[in-house]
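# need the 3D shape of this:
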Amino acid sequence: MSIEDKLNLIRSILPVGVQLVAVSKTRSDEEILEAYNAGQRHFGENKVQELVRKWESLPKDIEWHFIGHLQSNKVKFIAPFIALIHAADSLKILKTINEEARRAERKIPCLLQFHIASEEGKFGFLPEEADTLFTGNDLAELDHIVFSGVMGMATFTDDSSQINMEFSTLKGLFDKLKTTFFQQNDTFCEISMGMSDDYLLAIENGSTMVRIGSTIFGERCVAGK
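Numbering: from 1, shown residues only. The predicted structure follows:
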């Protein structure tokens, strides 16, 4: 199947209101353009240098999403154009994003990443931090960030009950944050969860945004992993 055929198949499955982000990390400009010409406009990258190069060379109406762990010293390179940062995983990085957004004279949409998996090594706020995530004037001071929702990654496992539990946890965290901090904020509406192997389970648990790469573009070669 072509990239266009795969995109059309996924689109036929996704419910209304679920946004598809095509994960294009390590993919060539030609592959991305094939998806672009099939109508895809939201693409996800996890390396700043690669993202900046693609932003410079590819059509300017592409909405670029940063989906990896973001280092503080790299924020300035994507601040002028990034459409959504999925992995705002600490107050430190939020404050850096806010400062670079101010310098770029724009507001940057961000998702709060939570560590919902049983695996070690993944980034994100702990679920128990949801109630006290913002203290003092933290939220008010982050005035160049548009808080758009939450993001999380499930454990890499074949156990669908565990994945369901973890996705359900993220949906619960979204609801808690919405009630506690963003009840009057219509922009806080996204739940980014679900990738090629588990996006159908994610949708069942309330995902509004899925990040799909290999199902669209095929498996990466070893050199690209």
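# hmm, who's touching the strand or helix carrying V146?
Using DSSP states H and E, the element containing V146 is strand 145-152. With contact meaning CB atoms under 8 Å, 6 or more residues apart in numbering, strand 145-152 is reached by 84, 86-88, 94, 97-98, 101, 107-117, 124, 166-167, 169-170, 173-174, 177, 181-182, 185, 187-193, 208-209. All C-beta atoms are positioned from the backbone trio N, CA, C, and that covers glycine.
# tell me the secondary structure of the residue sitting nearest the centre point of the chain, please.
Nearest residue to the geometric centre of the chain (CA atoms, centre = their mean): H86, 3.2 Å. Classification of H86 using DSSP: H, G, I helix; E, B strand; the rest coil returns strand.
# picking that back up, now, the contacts of strand 145-152 that are in strands?
Those of the contacts of strand 145-152 mapping onto strands are 84, 86-88, 108-114, 190-192, 209, per DSSP state E.
# show me what whichever strand or helix holds K54 is packed against.
Taking DSSP H and E as the definition, one finds K54 inside helix 48-57. Secondary-structure packing of helix 48-57 (3 or more CB pairs under 8 Å, 6 or more residues apart in numbering; DSSP states H and E): helix 29-37, strand 42-45, strand 63-66, helix 75-78.
# and the last one, which residues are buried?
Residues of helix 75-78 classed as buried by neighbour count (16 or more other CB atoms under 10 Å): V75, I78.
# what does that helix rub up against?
48-49, 51-52, 55, 64, 66, 85, 93, 96-97, 100, 103.
# re the thing from before, now the helix holding K54 against helix 29-37, angle please.
60 degrees (axes from the mean of the first three to the mean of the last three CA atoms, to 10 degrees).
# low-confidence regions, this structure specifically.
121-122, 220-225 (pLDDT under 70).
# using the three-state scheme, assign Q162.
helix.
# which residues does the closest residue to it other than its chain neighbours contact?
Among residues not flanking Q162 along the chain, T155 sits closest, at 5.9 Å (CB to CB, 6 or more residues apart in numbering). Contact partners of T155, counting by CB under 8 Å, 6+ apart, are A117, S118, E119, Q162, I163, E166.
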